[in-house]
Every structure is written in C-alpha cells, then in structure tokens.
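Q: Here is my input, please return the structure:
(one chain, ligands or ions: 2)
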Amino acid sequence: MSKETRLREEIVTVGRSLHMRGLSPGSSGNISARLDDGWLLTPTNACLGELDPGDIAKLDWEGNHLAGKPASKEAFLHHAVYAGREDSGAIVHLHCTHSAAVSCLDCLDPHSALPPLTPYFVMRVGRLPLVPYHRPGDPRLGEAISGLVGKHSAVLLANHGPLVSGKTLEAAGYAIEELEETAKLFLLLRQQPVRLLDEEQIEELRQTFGAQW
Ligand SMILES: O=C(CO)COP(=O)(O)O
Ligand SMILES: [Zn+2]
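A: Ligands and ions are numbered 1, 2, ... in the order given. Below is the predicted model:
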C-alpha cells in the first residue's frame, strides 16, 4: 500500500474516532498529513466522522489543488505549521468543547493559556500560546501563528479551538486529546486552590521525555 493510500485511510479512521467520541461536533475541525510530494487535507464542510478516503484533498506546497474535494478553508493555517516545523507529519484542528470554552475566557496568559497541571500535558502538548481572534478562514491567522509554530507544537485559537501538530497523525491525535482533557481539568478546578507542577518537576520531564516547556 502506498504512503498516500495509508494516510488517507488513517485520516478517515482518526476522524471517525474523534467524531464518535464527541470531539468534533458537526462539520467542525480538519485533519492533514504530510506526503513526500505534497500533503493531504480534509475537505471543507465535511463531518470528520463520515470522511471518504478518495474525497480527502491533495495539495502541493504552492497551494495548488491536485486531487479530491475542495480543501478545508484553514489550508493556510496547516500550511504555516508545516512550513515552520519541518518535523511535523500531521496536524489536527478541533472545536472540542472544553478547549473551545477555555479559548473564550478573558483571563488567559497569551503565552501559556493552560497551566502545567499534569505531566502528560507538559510532555505531549507543552506550553500553549493563545492566538488572537480572526474569523475562520482568514489568511491573517496563518501569519499570526507562523511566528509561534517554530517553538510550539500546539496553539489555541481565541474563541475557536486548538490546533496541534505531531510527527505522526497518531501523535497529533493523542496530543490534542491530552489538551482537551487538560482544558476540562482546568475548568473543573477553577474554583479550587490548585497545586501546579513546579519548575523542578517540569525540568525532570524535559530531561526524561524531551518535554517542550
Ligand atoms: O474548523 C473549521 C474552521 O475553523 C472547519 O472548516 P472546514 O470545514 O473548512 O475545514
Ligand atoms: Zn475551526
């Protein structure tokens, strides 16, 4: 099986799994994966739970559409991440409830929207910058994140949702789920005094797991 065929099927499988578990409501969210001769991106206005492998758009690095249905309106956003992170093999963007809720809060640190609550958040997601609000599909969103993606594998789009890259689609999927769970914990704990991981504990995660914090 070719790499492209395998990745088309993997995007369908991951999309269905995310949708079935309530992480991609309606036709929100999009998934992409890097190929040797371009990249794959889910079609615009598609439900991630009902993708067809042959419908997934194939694009080149100049933005030309090579195959499949018309690509997601967030193509430039995914493109900015691939351009800024050579090691990224796949990207997942969702409107998952708790992360989207956090993205609407007025009190966030724009350099670190969620605190270091758990080791897996620090290891899989790392420090999470908040990207100022732009409407979905606004090309300025690509410009807004291009300065961040070199240092961060995940960003939170204000009043919108998270965008996470990984070396593989599996890694990007695990990371965005970890982010969503951390957002849920953050909201659950908002009225409680919280003990965060301290600098020594974070340093141990850097040394042991290469955590980007
Ligand atoms: O999440 C989305 C917009 O931010 C969905 O848009 P698309 O349907 O064009 O992928
Ligand atoms: Zn979106």
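Q: Check what contacts the host helix or strand of Q207 and list those residues.
A: Using DSSP states H and E, the element containing Q207 is helix 199-209. Applying CB atoms under 8 Å, 6 or more residues apart in numbering, the set of residues contacting helix 199-209 from outside is 116, 119, 122-123, 197, 211, 213. C-beta here means a position set from N, CA and C on the backbone, and glycine is covered the same way.
Q: and of those residues, the nearest to R8?
A: M123 (29.3 Å; CB to CB).
Q: rewinding a little: and the helix holding Q207, what's buried?
A: Buried residues in helix 199-209, counted by 16 or more other CB atoms under 10 Å: 202, 205.
Q: Secondary structure of A33: a strand, I assume?
A: Yes - counting by DSSP: H, G, I helix; E, B strand; the rest coil, A33 falls inside a strand.
Q: what does the helix or strand of the chain with the lowest mean pLDDT rub up against?
A: Ranked by mean pLDDT, DSSP states H and E, the weakest helix or strand in the chain is helix 140-146, scoring a mean of 92. With CB under 8 Å, 6+ apart as the test, helix 140-146 has contacts from 74, 76-77, 79-81, 83-84, 131-132, 134, 155, 157, 163.
Q: need the contact list for P119.
A: Neighbours of P119 in contact, by CB under 8 Å, 6+ apart: 197, 201, 205.
Q: Can you add distance to ligand 1 and pLDDT and give the residues you listed back as CSV?
A: Supplementary listing: these in CSV, determined by distance: CB to the nearest ligand atom, whole Å; pLDDT from 0 to 100:
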residue, distance to ligand 1, pLDDT
L197, 31, 98
Q201, 34, 98
L205, 31, 98
